[in-house]
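Participant: sequence-free structure coming up:
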């Protein structure tokens, strides 16, 4: 029946948006709480940047931008779940529109299954527009159906919008690796992701608004209502979603969201004072063109519109290749490939120190990615790369537990520091999927102060929560050590069991590396 639905989906088509008028971002606000906050927090002509490593601060920042906005909120994200934190942000967006704020929300369609009622409730508010990027018609009744269409349907459906960006009043923006769900904001939930955002004010905001506009006005972006009417046999009637955002919630997650709102964090104190502690930097906005979903060689249009921007993968690669002293990269999904390995070898011959941090098999939520990465570990170590893997927290984590949802603290941050002067932050992982398949957003910042602050944060993460890898005398097998130098494992992946490792080895060859 599923295959039949996919075949029938091939006969369905999305509404034509060729004649839709270009809708630009509103001009930056000159008055209002966010305009004053931005003006008081950074120097004219430069960007002010503040790191957000705390999950609580990440949710507080998003709520503060939405609730402080007086003109506009533009939000672009890969995944926006309708859980406790997602509904809290949806309510904040609705309430902002009630105040007269123009709200535009652009979400990739891969993970929206099951939340149609919540999205319809939000989109019903005057002043709110919701669009889905690269939407599904066949298979949209469930997440499994969408995965099947991505695998067996149109090649275009395999390419997703992985960008994460929020711009409020044209004066403050948030970017980084976080999606919107409890897993990114509530540390107590299963499968919590450790991530880093950056809060930005100043000179790069117009380019960020342009970056959003390129996707919002893309031919791949369609209004929520048009997609549901075309893709669902029985779209939810108003009675099914009226009041969906305000239904009572007594879950522990909803209580945790209330607690986060009240938590006395450094960011909360700065917001209350009306001034953010920000690092000064020169910032280049980098995006992939929306057209990458059908042509991975196309350049970003923002380069023509704003004299800035580049394909994210090229910008990252070129910046790293120019390193003179040291490179530190954190990526939850890391597959260097033969070309990446060769590039690292060339840099090591120039005595550039290279440090990599990624997930261990015990913490990854993408075990096939880890399997491909593991093929390069010995070669990386032979080149003199310092290699770390994120260690489990809250108990053992094995591959077969993925279905059961065992508790684990996972790494999800994506950043690079080059020569303690340049910083890259954004949505891009160092794997083939981010490089060739999905669209990405990122910032390249020249700021020794920001680089040093990020290095301190990452080093603390490494010291507290990572294994260091070493080559055994045979030159092939590995040893994992803890921060105190004690041995965590030798020859086998730590915190995993033989059955899980065997299952992964058997299934791994079925998944081509270029699709990971």
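Facilitator: Done, it's in. Computed from a predicted model, the values in this text were never measured in an experiment.

Participant: Tell me where the model's unsure across the stretch 51-200 of the chain.
Facilitator: Flagging of the stretch 51-200 of the chain using pLDDT under 70 yields the residue ranges 189-190.

Participant: quick one, helices of the stretch 1-150 of the chain?
Facilitator: Applying DSSP state H, counting those that start in this stretch to the stretch 1-150 of the chain gives helices spanning 2-9, 33-41, 55-68, 84-98, 116-123, 143-152.

Participant: again with the stretch 301-450 of the chain
Facilitator: Counting by DSSP H, counting those that start in this stretch, the stretch 301-450 of the chain forms helices over residues 302-306, 312-321, 337-349, 367-374, 377-382, 432, 448-465, given from the N-terminal end onward.

Participant: you'd agree residue 270 is up against residue 278?
Facilitator: No - under the criterion of C-beta atoms under 8 Å, residue 270 makes no contact with residue 278, lying 9.4 Å away. (C-beta placed from N, C-alpha, C; glycine too.)

Participant: neighbour count winner among these two?
Facilitator: More neighbours sit around residue 278 than around the other of residue 270 and residue 278, counting by other C-beta atoms under 10 Å; the figures are 24 against 19.

Participant: Excluding chain neighbours, give the residue nearest to that one in space.
Facilitator: Once its chain neighbours are removed from consideration, residue 278 has its nearest residue in residue 48; the separation is 3.3 Å (C-beta to C-beta, 6 or more residues apart in numbering).

Participant: That neighbour against residue 42, yeah?
Facilitator: Yes - contact status for residue 48 versus residue 42: in contact at 2.7 Å, counting by C-beta under 8 Å.

Participant: measure residue 118 to residue 124 for me?
Facilitator: Remark: distance between residue 118 and residue 124 (C-beta to C-beta, to the nearest Å) = 11 Å.

Participant: contacting residues around the residue nearest to residue 471 when sequence neighbours are not counted?
Facilitator: Ranked by C-beta to C-beta, 6+ apart and with sequence neighbours excluded, the top spatial neighbour of residue 471 is residue 381, at 4.7 Å. Residue 381 makes contact with 387, 469-471, 478, according to C-beta atoms under 8 Å, 6 or more residues apart in numbering.

Participant: Could I get the pLDDT score of residue 381?
Facilitator: Model confidence at residue 381, expressed as pLDDT, equals 97.

Participant: Assign residue 201 to helix, strand or coil.
Facilitator: Using DSSP: H, G, I helix; E, B strand; the rest coil, the secondary structure recorded for residue 201 is strand.

Participant: What are the structural domain limits within this structure?
Facilitator: When the chain is parsed into structural domains using automatic domain parsing, the resulting residue ranges are 49-273, 280-515.

Participant: Ends of the longest one, what's the gap?
Facilitator: So that's domain 280-515. Taking C-alpha to C-alpha, to the nearest Å, domain 280-515 runs 38 Å from one end to the other.

Participant: ok now do the spatially most central residue of the chain, which residues does it touch?
Facilitator: What sits nearest the mean C-alpha location of the chain, by C-alpha atoms, centre = their mean, is residue 177, with 3.0 Å. Residues near residue 177 by C-beta under 8 Å, 6+ apart: 164, 195-197, 332, 412-414, 425-427.

Participant: Pick out the most distant pair among the residues you listed.
Facilitator: Of all pairs drawn from the contacts of residue 177, the one with the longest distance (C-beta to C-beta) is 197 and 332, at 14.6 Å.

Participant: Now do the longest strand along the chain against helix 312-321, angle only.
Facilitator: If each strand of the chain is counted by residues according to DSSP state E, the longest one is strand 279-287. Per axes from the mean of the first three to the mean of the last three C-alpha atoms, to 10 degrees, the angle that strand 279-287 makes with helix 312-321 is 130 degrees.

Participant: who does strand 279-287 touch, helix- and strand-wise?
Facilitator: Strand 279-287 sits against strand 47-52, helix 205-216, helix 302-306, helix 312-321, strand 441-446, helix 448-465, with contacts defined as 3 or more C-beta pairs under 8 Å, 6 or more residues apart in numbering; DSSP states H and E.

Participant: Show the subsequent helix or strand relative to the second one.
Facilitator: Past helix 205-216, heading to the C-terminal end, the next element that is a helix or strand (DSSP states H and E) is strand 221-223.

Participant: Mind listing residues that contact that following strand?
Facilitator: 14-15, 17, 106, 129-133, 135, 215, 290.

Participant: out of residue 118 and residue 124, which sits in the busier spot?
Facilitator: residue 118 (21 against 16).

Participant: Make a markdown table from the helices of the stretch 1-150 of the chain and add distance to residue 184 to it.
Facilitator: Putting the helices of the stretch 1-150 of the chain into a markdown table (distance: least, C-beta to C-beta, whole Å) gives the following:
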| stretch | distance to residue 184 |
| --- | --- |
| helix 2-9 | 30 |
| helix 33-41 | 23 |
| helix 55-68 | 7 |
| helix 84-98 | 8 |
| helix 116-123 | 18 |
| helix 143-152 | 18 |
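
Participant: Figure out which of these is closest to residue 495.
Facilitator: Shortest separation from residue 495 across those is recorded for helix 55-68, at 22.6 Å, computed as C-beta to C-beta.

Participant: distance of the residue nearest to residue 278 from residue 37?
Facilitator: Summarising the geometry, the distance separating residue 48 from residue 37, computed by C-beta to C-beta, is 10 Å.

Participant: now residue 238
Facilitator: 38 Å.

Participant: out of the two, which sits in the busier spot?
Facilitator: The neighbour comparison of residue 238 against residue 37 (other C-beta under 10 Å) goes to residue 37, with 23 against 10.

Participant: That one - nearest residue in space that isn't next to it in sequence?
Facilitator: Leaving aside its chain neighbours, residue 37 sits nearest to residue 274 (6.1 Å; criterion: C-beta to C-beta, 6+ apart).

Participant: isn't that neighbour right up against residue 34?
Facilitator: No - taking C-beta under 8 Å as the definition, residue 274 is not a contact partner of residue 34, at 10.8 Å.

Participant: the more surrounded of those two?
Facilitator: For residue 274 versus residue 34, neighbours defined as other C-beta under 10 Å are more numerous around residue 34 (25 against 11).

Participant: From what I see, the more buried one and residue 168 are in contact.
Facilitator: Yes - contact criterion C-beta under 8 Å: residue 34 and residue 168 qualify, at 5.6 Å.

Participant: any shared contact partners between these two?
Facilitator: By C-beta under 8 Å, 6+ apart, the residues touching both residue 34 and residue 168 are 65, 68-69.

Participant: Present those as a markdown table; the columns should include neighbour count.
Facilitator: Listed next are the shared contacts of residue 34 and residue 168 as a markdown table, based on neighbours: other C-beta atoms under 10 Å:
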| residue | neighbour count |
| --- | --- |
| 65 | 25 |
| 68 | 21 |
| 69 | 30 |
